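K.L.:
With the sequence up front, the predicted model follows.
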Amino acid sequence: MELSYETLSNRGERQVNEDCLGVTVCANAVVFVLCDGLGGYGNGDVASSHVVSMMDFCINNGMSVEESIQRSQDTLLERQKAEHLEDSMKTTLTCLVVKGENAWFAHVGDSRVYWFEKGKYCLRSQDHSVPQMLVNSGAIREEEIRYHEDRSRLLRVMGTEWNSPKYQWGEKITLTNESSFLLCSDGFWELIDEKMMAKYLRKSRTPGEWLARMEQEVIRNGRGTNMDNYSAIAVYVR
C-alpha cells in the first residue's frame, strides 16, 4: 500500500487565515495535523501555528503523539501567560496518524477527521461542541449541526486549562488499498456534506483532484456569506 496526500488552506472571505496545517513524516509513520484558531478569542492564528509547529518539533524529537499533544498544550498555556493573553490564543486540534497497516486519530474541538472506505463514508470524529452534545442527547438531528445557532460554541479546545487531557482518540482503523481520509476545519465541512464528499471521492484519482472538486462546492455554497477560513488535508491509501 502507498500513501499520498494533498493539503489546502484558504482565508475565505476573512482578513486573516487562522487555520494552520502540517505533515510530519517519520521513519515509521506519517502524522497529519490541522488546527483552527478561535477568532472570537483573538490571536487564533498564533495559537494554531504554535500547536502545529510544536507537534512537528515534538514528533521529530521522538515523542509520542500523546506526549506531543500535551507538550503543545503546556507550551501554549506558557505562551499565553508570558504574553499576558490568558483569555486568548485558543485553537482546535485534529491529528491523524498513519503507521504500517493502521491509522488512528486524536482531536479536540470541532475540526474533523472523516474516514472513507471504497469511496463510501464510514465515520467521522465527534465534535466537542454544543450542537454535537445536542445530537448525542437526541435533541436535534445530525444534519442540523451545520446550521445550528450555537455551532461555534466549543466545549473543549487547546489553550484552556486541563485537569486531565481533553483530546479524544478514535478507534484504530485497519487500512486497505481503498482507504481515504479527510481532515478539515469547520469552515470546510459546514459547506459540504458527507454525501458530496463521497461523490467527489469516487470521481477523483488523486487527493489533489478530490480536494479541488470539494473546494469548488465549498466556494459555491459559501460565496457572499462572509465565508470563514477553510482548510483540509486529503489522504489516500492505495
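P.N.:
Everything's here; your move. Numbering: from 1, shown residues only.
K.L.:
can you give me the strands for the chain?
P.N.:
3-10, 19-25, 30-36, 93-99, 102-108, 112-117, 120-124, 168-169, 173-174, 179-184, 230-237 (DSSP state E).
K.L.:
Dump those into CSV; add mean neighbour count, mean pLDDT and distance to residue 137 as well.
P.N.:
The way it works is simple: take the backbone N, C-alpha and C, and place the C-beta from them, glycine included. Listed next are the strands of the chain as CSV, based on neighbours: other CB atoms under 10 Å; pLDDT from 0 to 100; distance: least, CB to CB, whole Å:
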stretch, mean neighbour count, mean pLDDT, distance to residue 137
strand 3-10, 17, 98, 34
strand 19-25, 21, 98, 29
strand 30-36, 26, 98, 25
strand 93-99, 24, 98, 23
strand 102-108, 22, 97, 20
strand 112-117, 21, 98, 20
strand 120-124, 15, 97, 18
strand 168-169, 14, 94, 17
strand 173-174, 14, 98, 27
strand 179-184, 26, 98, 25
strand 230-237, 25, 98, 29
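K.L.:
Any chance of these in TSV with distance to residue 194 as columns?
P.N.:
What follows is the strands of the chain, written out as TSV (distance: least, CB to CB, whole Å):
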stretch	distance to residue 194
strand 3-10	18
strand 19-25	21
strand 30-36	18
strand 93-99	16
strand 102-108	16
strand 112-117	7
strand 120-124	5
strand 168-169	20
strand 173-174	17
strand 179-184	10
strand 230-237	14
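K.L.:
now for those strands, which one comes closest to residue 212?
P.N.:
With CB to CB, the closest approach to residue 212 among these belongs to strand 3-10: 8.4 Å.
K.L.:
where's that closest one relative to the chain centroid, distance-wise?
P.N.:
Centroid separation between strand 3-10 and its chain, computed with CA atoms, centre = their mean, to the nearest Å, is 12 Å.
K.L.:
Which pLDDT value does the model give the residue nearest to residue 192 when sequence neighbours are not counted?
P.N.:
Closest residue to residue 192 apart from its sequence neighbours, by CB to CB, 6 or more residues apart in numbering: residue 217 at 4.8 Å. pLDDT, residue 217: 98.
K.L.:
now residue 37
P.N.:
On the pLDDT scale, residue 37 is placed at 97.
K.L.:
From residue 119, how far off is it?
P.N.:
Note on residue 37: its distance to residue 119, by CB to CB, to the nearest Å, is 32 Å.
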